[in-house]
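*Asks:* this one's structure only:
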């Protein structure tokens with residue numbers, strides 16, 4: 001009888017370890033151990049995915065009322081971060097051609113270092129709100145939990161900077177399944193590995209934030225992308241539709257897409273390129289930054305479904321710029 005109870009206790013212990021770690025394959029692997037250390041550290045220090053998405057975005061009409069209460073950082077410096085432009089060589093001058101009064105010039109790669117003088121909650125400004133979402137994820141994981149994205153970027157602030165209108169489209173693509181959609185059944189996978197020699201959560205996090213920022217904004221187009229658009233061949237990617245059930249039923253989904261909301265890491269394939277899409281590419285950019293930090297190969301669908309089914313949308317839809325001042 002005693003032997004039987006000991007066997008039951010042992011089985012329960014093994015089950016508990018698998019449940020807590022969420023790693024089904026070789027949980028003793030050093031790179032997977034680093035992943036678990038990092039996840040545990042983040043969860044225990046108010047950096048869970050729920051914490052990171054708490055109040056992360058502010059609309060132009062809200063920001064203009066509380067300008068003096070925020071530290072604005074403009075990262076339009078090195079490339080267009082998901083926007084279509086005639087001459088990328090002009091990008092270095094974009095901040096100087098017009099920015100919100102009081103905004104300081106930074107870049108995605110330097111955002112954490114340049115944030116040091118901030119004595120107020122930070123708002124990050126980019127072209128469309130997409131690169132800023134990468135930056136805000138980095139800031140929220142680096143001691144700036146109140147950092148926010150300016151929704152729509154400078155495109156939303158003033159029409160002189162509009163890079164949204166030209167990127168909205170009604171593609172009527174064969175690889176978009178019309179409503180009520182046909183989402184792929186959820187699967188379970190192991191966890192990715194993190195290449196590091198560090199064994200302490202805070203140190204791993206700092207290292208991974210730097211790696212993520214050095215990688216720049218990781219986006220992919222809906223079609224005809226230099227690296228193959230998502231709709232051109234969805235089977236090349238593990239596609240996550242970050243919507244609620246009813247949204248898929250209302251609008252449909254990309255062929256083969258999963259629906260993983262809330263974000264459950266066990267349901268993401270660590271051996272595939274994970275492409276997340278949302279309405280505007282801003283939420284999916286936050287998720288993509290988070291996933292790349294954790295060791296996934298992840299990309300954000302640029303401009304979200306506004307670049308695929310814009311005319312069909314009843315909400316979460318680009319509808320034009322404000323006319324707020326800049327200098």
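*Replies:* Right, received. Where do you want to start? Small disclaimer: the values here were computed from a predicted structure and weren't measured. Residues are numbered from 1 along each chain as shown.

*Asks:* Would you state the helices of the protein in chain order?
*Replies:* For the chain, helices defined by DSSP state H occupy the ranges 2-21, 30-44, 49-52, 60-63, 94-97, 111-114, 131-140, 153-157, 201-214, 245-251, 282-293.

*Asks:* Check which helices and strands the last one sits against.
*Replies:* Taking 3 or more C-beta pairs under 8 Å, 6 or more residues apart in numbering; DSSP states H and E as the contact definition, the neighbouring helices and strands of helix 282-293 are helix 49-52, helix 131-140, helix 201-214, strand 273-277, strand 297-301. Where you see a C-beta, it was placed from the backbone N, CA and C, and this is true even at glycine.

*Asks:* Make a markdown table out of these and add distance to residue 174.
*Replies:* Listed next are the helices and strands packed on helix 282-293 as a markdown table, based on distance: least, C-beta to C-beta, whole Å:
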| stretch | distance to residue 174 |
| --- | --- |
| helix 49-52 | 33 |
| helix 131-140 | 30 |
| helix 201-214 | 34 |
| strand 273-277 | 17 |
| strand 297-301 | 17 |
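
*Asks:* Arrange those in a markdown table, one row each, with mean neighbour count as further columns.
*Replies:* Below are the helices and strands packed on helix 282-293 laid out as a markdown table (neighbours: other C-beta atoms under 10 Å):
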| stretch | mean neighbour count |
| --- | --- |
| helix 49-52 | 15 |
| helix 131-140 | 29 |
| helix 201-214 | 18 |
| strand 273-277 | 25 |
| strand 297-301 | 27 |
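
*Asks:* Out of those, which gets nearest to residue 113?
*Replies:* helix 201-214 (9.6 Å; C-beta to C-beta).

*Asks:* Quick one: mean pLDDT for that closest one?
*Replies:* Averaged across helix 201-214, pLDDT comes to 98.

*Asks:* could you check the angle strand 297-301 makes with that helix?
*Replies:* Using axes from the mean of the first three to the mean of the last three C-alpha atoms, to 10 degrees, the direction of helix 201-214 lies 50 degrees away from that of strand 297-301.

*Asks:* Identify the residues contacting helix 201-214?
*Replies:* Applying C-beta atoms under 8 Å, 6 or more residues apart in numbering, the contact partners of helix 201-214 are 34, 37-38, 40-42, 45, 47, 108-109, 111-112, 134-135, 137-138, 141-142, 194, 196, 198, 289, 292-295.

*Asks:* you'd agree residue 95 is up against residue 104?
*Replies:* No. Between residue 95 and residue 104 there is no contact under C-beta atoms under 8 Å: 9.4 Å.

*Asks:* Show me which of those two is the more surrounded one.
*Replies:* The neighbour comparison of residue 95 against residue 104 (other C-beta atoms under 10 Å) goes to residue 95, with 19 against 15.

*Asks:* need the contact list for the more buried one.
*Replies:* 74, 76, 77, 103, 105.

*Asks:* In PyMOL, how would I select just the buried ones from those?
*Replies:* Of the contacts of residue 95, the buried ones go into a single PyMOL selection, burial set by 16 or more other C-beta atoms under 10 Å:
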select buried, resi 74+76+77+103
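
*Asks:* Now for residue 144, how many residues are close by?
*Replies:* Counted by other C-beta under 10 Å, the residues lying close to residue 144 total 19.

*Asks:* Could you do residue 254 as well?
*Replies:* Neighbours around residue 254, by other C-beta under 10 Å: 25.

*Asks:* who does it bridge with?
*Replies:* residue 176 (DSSP bridges).

*Asks:* Could I get the pLDDT score of it?
*Replies:* 98.
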